[in-house]
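any chance you can model this:
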Amino acid sequence: MKKLLTLFLIGILFTSCSNDDDSGIDCSLFDPAFPELYIRLVDETGANLIENGTFDPENITVEGDFSNPDFRYIPPSEYDDEYIRKYDNTIYLFIPNESNFEYTINLDNSTSIILNLEARFAELPCGVSYFIPTKLTYNDQNVESENAETDELIFLAEIEI
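Model prediction:
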């Protein structure tokens, strides 16, 4: 009789642990990674033009062909981690909810660059969706992401001025 009661209780325990949710995700715990877009400005020798003082990040402004374009300057990191340091002295551009968009980055009073971007729509569980940059064009030339092979969510492009 004790064995029957034990088996019955174990059966109830396993039944109560089943998940009837189709996605199998607890949305209150869901913490997705979001796409990021970084631009490193360099000269023909590969020198970072913000790092060497050619352009002052305080004077940089951005415009876009969409509402509320914005950016954030990424200063040098205090850490020695090579992965983190590759984003030193870059411009982080906010990604709009559009598949095609254009950024104009005004570096000073006389220098501006125009970046044309394409992005693909991605829909995740729990009602989360965003656009992932897939293609960047500058001066009618495609610019590849340095992270293309390792991380599709982080687009890091080097723009030679």
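
all contacts plus neighbour counts: C-alpha atoms, from now on.
Will do.

would you mark the buried spots in the longest strand seen in the chain?
Longest strand in the chain by number of residues (criterion: DSSP state E): strand 112-123. Buried positions in strand 112-123, judged by neighbour count with 16 or more other Cα atoms under 10 Å: I114, L115, N116, L117, E118, A119.

kindly reformat these as JSON lines containing pLDDT and distance to F101.
Shown next, in JSON lines, are the buried residues of strand 112-123 (pLDDT from 0 to 100; distance: Cα to Cα, whole Å):
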{"residue": "I114", "pLDDT": "98", "distance to F101": "11"}
{"residue": "L115", "pLDDT": "98", "distance to F101": "8"}
{"residue": "N116", "pLDDT": "98", "distance to F101": "6"}
{"residue": "L117", "pLDDT": "98", "distance to F101": "5"}
{"residue": "E118", "pLDDT": "98", "distance to F101": "7"}
{"residue": "A119", "pLDDT": "98", "distance to F101": "8"}
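
helix or strand next in line after the longest strand of the chain, which one?
strand 129-138 (DSSP states H and E).

for that following strand, which strands pair with it and how are they oriented?
strand 112-123 (antiparallel), strand 141-143 (antiparallel) (DSSP bridges).

show me the contact partners of stretch 74-81.
Contact partners of stretch 74-81, identified using Cα atoms under 8 Å, 6 or more residues apart in numbering, comprise I84, R85, Y87, D88, N89, T90, I91, Y92.

drop anything exposed from those residues.
The neighbour count (16+ other Cα under 10 Å) marks Y87, D88, N89, T90, I91, Y92 as buried among these.

in those residues, find the pair that's most separated.
The span of these, defined through Cα to Cα, is set by D88 and Y92 at 10.5 Å.

skip the chain neighbours and tell me the closest residue to the residue most central in space within the chain.
Central residue of the chain (Cα atoms, centre = their mean): E36, 1.4 Å from the mean position. Take E36 and drop its neighbours on the chain: the residue closest to it by Cα to Cα, 6 or more residues apart in numbering is I154, 4.8 Å away.
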